[in-house]
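# fold the following.
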Amino acid sequence: MSEIQSLNETLIGKDVVLKRAKLNKDTAEDIFRVVDKCRDVFLPWLGWVASTVSVDDTWAFLEKSDKKWTDKEGFVYAIYHQEKFIGLISVLNVAWKHDRAEIGYWLDTDYTGQGFISQAISLIEKELFGKGFNRLVIHTDVMNEKSANVARRKGYTHEGILRQEIFSIAHQRYRDMNVFSKLRADYQKNT
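Residues are numbered from 1 along each chain as shown. Sure thing, here's the model as predicted:
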């Protein structure tokens, strides 16, 4: 069992920098701008997009995220490429007692397919495994092949499918979710 601790607020990679998503006007506006621009692409996979209709909604998200960071229950990073905000990557469902967490991510569609999410995941893995985590999980909608392919490329093992795990607002039906995982031992073999 890892000691409960905070994560570094800035993680620097080759082409991306991850910074703690701060509770401020600029961050809220950056996030909302990208979500609003990419709404049609995000909506089938990210149910919260339907209820994110203003900067105020993003502000409320940042307030919750800020509290979770302070309480060491979750960690949301803004992803920057050449100092431009391009997406978010989050450490969710943190279970310090069991040394496990989930990774969630989304990226401005103008920046997909360029390896930025893969780099962001690598930075998060290094941080979490370095803090003593043993298991990281990525969930993807079974129909979201692009997101599932990211997990596969990053060496995550497909453990199975959670049947009818979420209700999709966009599709008005229950959807199945893939479960991918990477263990510290898997990570150490490849580093």
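
# CA only for contacts and neighbour counts going forward, please
Noted.

# so what's H158 bridging to?
F180 (DSSP bridges).

# and for it, the neighbour number?
H158: 17 surrounding residues under other C-alpha atoms under 10 Å.

# quick check: it vs V137, distance?
The gap separating H158 from V137 is 10 Å, by C-alpha to C-alpha, to the nearest Å.

# what of C38?
Note on C38: its distance to V137, by C-alpha to C-alpha, is 25 Å.

# shared neighbours of H158 and V137, anything?
Common neighbours of H158 and V137, counting by C-alpha atoms under 8 Å, 6 or more residues apart in numbering, are V179, F180, S181.

# the second one reaches V137, doesn't it?
Put plainly, it is F180. Yes. Contact between F180 and V137 holds when scored by C-alpha atoms under 8 Å: they sit 5.6 Å apart.

# C38 and V137: which has the busier surroundings?
Neighbours around C38 and V137, counted as other C-alpha under 10 Å, are more numerous at V137. The numbers are 22 against 16.

# what's in contact with the helix or strand containing the more buried one?
For V137, the enclosing helix or strand under DSSP states H and E is strand 135-141. Contacts of strand 135-141 with the rest of the structure, by C-alpha under 8 Å, 6+ apart, involve 45, 99-104, 125, 147-148, 151, 175-184.

# how about the secondary structure of the closest residue to D99 other than its chain neighbours?
Spatially, and ignoring its direct neighbours in sequence, D99 is nearest to F133 (4.3 Å; C-alpha to C-alpha, 6 or more residues apart in numbering). Following DSSP: H, G, I helix; E, B strand; the rest coil, we place F133 in the coil state.
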